[in-house]
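For reference, the sequence and a predicted model appear below.
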Amino acid sequence: MKKLLVLTLLLPLLIACGTKVERMDADTTKDLSGKWNDADSRMTAETMINDCLNANWYNKALKAKGGNEPVVIVGTIKNNTMEHINTATFVEEMQRALINSGKVDFVASQDERGEVREERLEQQEYSSEQTRKDFGKEVGADYMLSGAMESIVDKEGRKSVIYYQINLKLINVETNQLVWNGQQKIKKYVAKNALKF
Amino acid sequence: MKIIRPRFCILILTSLLCACAGPSLRYKKDISNLMANQKFENATARIEKNKKSQYGEKNAVLYQLDLALSQQAAYDTENSISNYLLAQDLNENLITKSVSAGAGSLIFNDNTLPYQMPMYEQALTYFFTALNYLAQENLSDAAVEMRKAVFFLDRYRESTKKTYNDEPFVQYFASMIFEEIGQLSSARIARTNALNAYEHLKGYFDAQAPSSALPDNYRDLGELVFIHFSGKSPVKISNQMSLSWDRLGFILNDNNSLQGTDKQVIDAAFSGLFGKTIAISYPSYVDNPYFGQTSAIVLQDGRHINTYNVDDISSAAKLTLQEESASLIAKTATRAATKFILSKQVHDITNKNTDKKGLVLLVDIATTILNTATEQADTRTWSLLPAQIKMARVFLAPGEYDIDFYNYDARGIPLDTYRFEKVKLKKGQRTYIWRYSSK
């Protein structure tokens, strides 16, 4: 009887000490805190890029370029929310969706371009003449995609509603014309437990 | 001896063990001295080493706060940010109340509850974290912190009837950040709230709103914002009174002022040791001495820019406690009554089950000792906080500057000096630097 009592007392301790790790599919949606997560980032990027590429501006751009795909660059996505969101992840998701669509050509971002230019500069000194790449052959972007993430939080005690609004704009680099304006909304209800033992 | 069962004893002892009262006064003093002597890395190492022994699970928030501030003082911004964010998360999760801890606070003391930040501490975590991000030239994430601050403070102000219902400096700082990212509407609202709060707290706080005067050619200049974490915040101590329930009600004995106390009172309290006394405790603040009175930054051209108080954390702590005193008294009284009823029941059961008067007396003494020993005021507080936040602002031509900092005592003798080397100022931008100097 005593042994059983000791075992009963020790069992919760043993269970509490273990760390459980399991692999999961990268596309699985798992919400823990209710904050912006990888699933939000992925789904928003896919939906918005799909919306963008199916909008009217695309056919006009194709026509204007004589059937050649327009060249797009992703600019800055501002984080105006109350969460530390890694906008770089979101930008990467959008780049992936754009490239995979096969409907647009894509050029490297400002930071990446800087690195490539440095490499090209070094090639002029260290690489053989046959393999070195020339300056002045970069493809200029026709359109820039930029935007902002906003959030509104309504909170009462342990319950909160978080509303995210992601606004993206596609701007003609030459004319500054706004050719597409997309919006994606996500609303989450988060309720934390009132009590624990 | 049927009544005192081992299981009962285990339950009592376990609960006692759980009643971690937070870092000891001696430990807090040691850490505070290391910080005052600018040995920030040593303070960080000491805090990390004492995670379990001084803080424990119940004071996890306090541990993260102490750690984050010591790292911030050493400009270890990356780790400091992680620890502030963790403290904020842990604090947020305390919204889920622990039933066992809650019951423990009713029977033993408030130290059974996890440490939860009061309003001013929580608001300051946003400011400190933002400052760390600014040192990393990450204005976007600094703005996130200040949005969190404003959201928290605005909701707090609307939901409380307390005098100290907003944190003026944190609101002001938020307005500066919003201004920098071009969100002028949010900046205006935060600035208005800040100025209202400064005005509202005039009689309580020794602090003024930061100056917002601009030189004519400000667009061509960069702005240096220097922040001094000055002095030591007050220390929370526990005071204990003995309430004797014997015959004519209770007799008070404040053990902090035994000198000059009527002998009859002491005798009565002493007699309580033999089964008739309930101890109650309450916290109060005592000032933590420091010598720094004024501070300044000195530019390469010899110009002295004096700092001024923009936040009075010392008064914030005292005012917070003062405004909580009514609810603390109510809770303490409830706990005293609970303890009395439990003691009485133990006494009656013992009396009923044995005719040995000696045993009854022994049980009475044991319950009294248990009641007295477990009655401790909650003296936990973020003790590494400075007493004041001081600020100096100056506009300078873009470039690199060596900036000297001086912390002076009342006679104008420097207690601490520090040179910030090659501080970069960019046109149309603010550069933030800080120094923790608490001597």
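Everything's here; your move. Numbers count the residues shown, from 1 in each chain, chains lettered A, B, ... in the order given.

contacting residues for the residue of the stretch 301-439 of chain B found nearest chain A?
As assessed by CB to the nearest CB, chain A sits closest to residue B:429 within the stretch 301-439 of chain B, at 17.2 Å. C-betas here are computed from N, CA, C, even on glycine. For residue B:429, the residues meeting the contact criterion (CB atoms under 8 Å, 6 or more residues apart in numbering or on different chains) are B:180, B:222-223.

run the last query once more with 7 Å
Contacts for residue B:429 were tallied using CB atoms under 7 Å, 6 or more residues apart in numbering or on different chains; they are residue B:222.

what does residue B:150 give?
Residues in contact with residue B:150 (CB under 7 Å, 6+ apart) are B:171, B:174, B:190.

show me where pLDDT drops low in chain B?
Counting by pLDDT under 70, the ranges of chain B that qualify are B:1-20, B:96-107, B:243-278, B:371-373.

State the distance from the residue of the stretch 301-439 of chain B closest to chain A to residue A:136.
Residue B:429 is 33 Å from residue A:136, where distance means CB to CB, to the nearest Å.

ok, now residue B:393?
Residue B:393 sits 46 Å away from residue A:136, going by CB to CB.

Look at those two and report which has more neighbours.
Neighbour comparison, residue B:393 and residue A:136: the larger count goes to residue B:393, with 18 against 4 (by other CB atoms under 10 Å in any protein chain shown).

these two touch, right, that one and residue B:223?
Yes: the criterion here is CB atoms under 7 Å, and residue B:393 meets it with residue B:223 at 6.3 Å.

Tell me the strands beside the longest strand seen in chain B, with direction?
In chain B, taking DSSP state E as the definition, the longest strand is strand B:414-425. Strands adjacent to strand B:414-425 in the sheet, as given by DSSP bridges, are strand B:399-408 (antiparallel).

Pull out the buried residues from the partner strand.
Buried residues in strand B:399-408, counted by 16 or more other CB atoms under 10 Å in any protein chain shown: B:401, B:403, B:405-408.

same deal with stretch A:116-132?
Buried, per 16+ other CB under 10 Å, within stretch A:116-132: residue A:120.

tell me what whichever helix in chain B runs longest is packed against?
When chain B is parsed with DSSP state H, its longest helix is helix B:313-353. Applying 3 or more CB pairs under 7 Å, 6 or more residues apart in numbering or on different chains; DSSP states H and E, one finds that helix B:313-353 contacts helix B:99-107, helix B:119-135, strand B:277-286, helix B:357-374, strand B:388-396.

relative orientation of that helix and helix B:357-374 in degrees?
Orientation check (axes from the mean of the first three to the mean of the last three CA atoms, to 10 degrees): helix B:313-353 against helix B:357-374 gives 160 degrees.

tell me the angle helix B:313-353 makes with strand B:277-286.
Per the same axes, to 10 degrees, the angle that helix B:313-353 makes with strand B:277-286 is 170 degrees.

okay, the angle between helix B:313-353 and helix B:119-135?
Using the same axes, to 10 degrees: helix B:313-353 against helix B:119-135 is 130 degrees.

tilt between helix B:313-353 and strand B:388-396?
160 degrees.

Contact residues of the stretch 101-250 of chain B facing chain A?
Residues of the stretch 101-250 of chain B lying close to chain A (CB under 7 Å from any CB of the partner chain) are B:140-141, B:144, B:147-148, B:151.

And those, which of them are buried?
Buried among these (16+ other CB under 10 Å): B:141, B:144, B:147-148.

Same list (these) but as JSON lines, adding secondary structure.
Converted to JSON lines, those look like this (DSSP: H, G, I helix; E, B strand; the rest coil):
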{"residue": "B:141", "secondary structure": "helix"}
{"residue": "B:144", "secondary structure": "helix"}
{"residue": "B:147", "secondary structure": "helix"}
{"residue": "B:148", "secondary structure": "helix"}
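
Just put these in CSV and tack on distance to residue B:45.
Shown next, in CSV, are those (distance: CB to CB, whole Å):
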residue, distance to residue B:45
B:141, 27
B:144, 30
B:147, 34
B:148, 30
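
Distance from stretch B:214-228 to the middle of the chain?
Relative to the centre of its chain, stretch B:214-228 is centred 32 Å away, using CA atoms, centre = their mean, to the nearest Å.

Extract the C-alpha trace of that stretch and format it as CSV.
What follows is stretch B:214-228, C-alpha atoms only, in CSV (Å, rounded to 0.1, in the frame of the first residue of the first chain):
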residue,chain,number,x,y,z
LEU,B,214,13.7,72.0,-31.7
PRO,B,215,16.4,74.3,-33.1
ASP,B,216,15.6,76.1,-36.4
ASN,B,217,18.0,73.9,-38.4
TYR,B,218,17.0,70.6,-36.8
ARG,B,219,16.4,69.0,-40.2
ASP,B,220,20.1,69.2,-41.0
LEU,B,221,21.1,67.8,-37.6
GLY,B,222,21.0,64.5,-35.7
GLU,B,223,19.6,64.2,-32.2
LEU,B,224,21.4,62.6,-29.3
VAL,B,225,19.1,61.2,-26.6
PHE,B,226,21.0,60.2,-23.5
ILE,B,227,19.3,58.2,-20.7
HIS,B,228,20.6,57.8,-17.3
